[in-house]
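Participant: Build me a model from this:
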Amino acid sequence: MTESLLRLLYIDDDPGLARLVQKNLGRRGFDVDTAQDGAAGLARLREGAFDAVALDHYMPGQDGLAVLCEITSLPDPPPVVYVTGTQESSVAVAALKAGASDYVVKTAGGEFIHLLEAAIGQAIRSVRLRREKEAAEAEVRAARDRFEALAAERALLIREVNHRVGNSLQIIAALLHLQSSTTASEDVKSALAAANRRVMAVAQVHRRLYTSDDVQAVALDQYLKTLVDDLRGSAEGDGGGDELTLAAEPCEVGPDKAVAVGVVVTELVLNALKYAYPDGRGPIRVSLVKRDAGRIALSVEDDGVGRDLKTGRTEEGLGRMIVRAMAVKLGADWGRDESHPGMKVTLTFETGQAAA
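Facilitator: Okay, the predicted model is just below:
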């Protein structure tokens with residue numbers, strides 16, 4: 001397949017030079033059309049597409065600079081190579097400032113044709129590169145817009161899923177509460193209340209996710225504040241919990257880790273509320289502290305009698321199994337601080353989030 005000729009419009013009031021350009025550039029792959037003044041040249045430009053324009057400076061009626069201004073105001077104008085017979089640099093500078101791609105000085109020999117061909121070829125290549133760059137940038141912008149739209153849709157779907165999961169967990173918690181009201185056994189009531197709090201700890205994570213702009217991360221300090229407030233309110237209804245406090249440094253974790261942390265805190269706080277103080281009252285402290293290398297330390301401590309999760313009691317054994325399972329899920333190192341009066345359990349684990 002032969003390549004299509006490059007269309008050139010040569011605007012010059014010198015018919016002899018115009019024919020010379022038409023003849024010589026025609027041999028070099030150009031389809032050259034000519035016009036003897038600016039008005040005729042502009043009319044030709046409006047009639048059909050040209051790859052480039054060569055424009056003379058001195059012409060009757062309008063000079064080249066005036067015509068150049070009209071050409072550059074056209075929609076998607078072709079590149080213009082300015083042709084002048086003067087050696088004055090001010091003319092070339094004015095043409096370049098007005099929008100010309102290049103300029104060529106007329107000479108009597110064949111050098112002019114070679115220079116004109118080179119300037120036109122370079123101008124066409126530059127325009128093609130610019131248009132290809134603009135097209136590539138437009139495609140990048142379109143791809144980015146598509147990605148952002150898909151990401152927004154995905155976030156909306158995840159938020160809706162979290163909403164529904166959170167609602168379902170609240171229904172389960174309500175059913176557990178309802179079930180506890182139908183039994184006279186204090187042991188059953190206690191077990192159902194503990195199960196209710198565990199479910200609500202998980203529900204809190206999903207509630208935070210569907211009300212947050214970021215569905216990939218949970219602000220752990222804020223989540224723990226809400227969780228501890230809920231545990232305190234529930235415990236106060238049972239005659240304790242008024243000295244349950246939280247000190248948490250700001251940090252973020254993924255949803256799965258937030259669920260595990262919530263279950264651990266709920267379990268350890270419930271254990272402290274039940275066993276730390278014989279009269280049911282005393283300080284219980286939850287803390288969240290940042291460590292080096294993206295690790296955080298979570299602690300729950302009391303100043304009570306020191307009852308442990310490892311005494312072998314049925315409920316304590318279940319609590320120990322739950323904490324151990326969540327520690328594995330977190331990839332955490334955990335254990336009791338034997339030097340602490342009362343009980344202090346600490347879990348240290350990685351946040352899994354990139355540093356800000």
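Participant: and the host helix or strand of A66, what does it pack onto?
Facilitator: Using DSSP states H and E, A66 maps to helix 64-72. For helix 64-72, the packing partners by 3 or more C-beta pairs under 8 Å, 6 or more residues apart in numbering; DSSP states H and E come out as helix 38-47, strand 52-56, strand 80-84, helix 89-98. C-betas here are computed from N, CA, C, even on glycine.
Participant: Rebuild those as JSON lines, extending it with mean pLDDT.
Facilitator: Converted to JSON lines, the helices and strands packed on helix 64-72 look like this (pLDDT from 0 to 100):
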{"stretch": "helix 38-47", "mean pLDDT": "92"}
{"stretch": "strand 52-56", "mean pLDDT": "94"}
{"stretch": "strand 80-84", "mean pLDDT": "93"}
{"stretch": "helix 89-98", "mean pLDDT": "90"}
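Participant: nearest to A143, of those?
Facilitator: Within the helices and strands packed on helix 64-72, the stretch nearest A143 is strand 52-56; the backing value is 31.9 Å (C-beta to C-beta).
Participant: how far off helix 89-98 does the closest one point, in degrees?
Facilitator: Strand 52-56 and helix 89-98 are oriented at 150 degrees to each other (axes from the mean of the first three to the mean of the last three C-alpha atoms, to 10 degrees).
Participant: what's the angle between strand 52-56 and helix 38-47?
Facilitator: Using the same axes, to 10 degrees: strand 52-56 against helix 38-47 is 170 degrees.
Participant: Direction included, what does strand 52-56 pair up with?
Facilitator: strand 6-11 (parallel), strand 80-84 (parallel) (DSSP bridges).
Participant: Quick one: low-confidence residue ranges for the stretch 201-350 of the chain.
Facilitator: Residue ranges of the stretch 201-350 of the chain with pLDDT under 70: 208-215, 236-241, 307-316.
Participant: can we see that at 50?
Facilitator: Counting by pLDDT under 50, the ranges of the stretch 201-350 of the chain that qualify are 308-315.
Participant: residue ranges with poor pLDDT in the stretch 1-150 of the chain?
Facilitator: Using pLDDT under 50, the flagged stretches of the stretch 1-150 of the chain are 1-2.
Participant: count of neighbours near the closest residue to P15 other than its chain neighbours?
Facilitator: Using C-beta to C-beta, 6 or more residues apart in numbering and skipping residues adjacent in sequence, the residue nearest P15 is Q36, 6.7 Å away. Neighbourhood size, Q36 [other C-beta atoms under 10 Å]: 16.
Participant: before we move on, the earlier item: now distance to V188 and mean neighbour count too, for the helices and strands packed on helix 64-72, in a markdown table please.
Facilitator: Listed next are the helices and strands packed on helix 64-72 as a markdown table, based on distance: least, C-beta to C-beta, whole Å; neighbours: other C-beta atoms under 10 Å:
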| stretch | distance to V188 | mean neighbour count |
| --- | --- | --- |
| helix 38-47 | 91 | 16 |
| strand 52-56 | 91 | 25 |
| strand 80-84 | 91 | 25 |
| helix 89-98 | 90 | 15 |
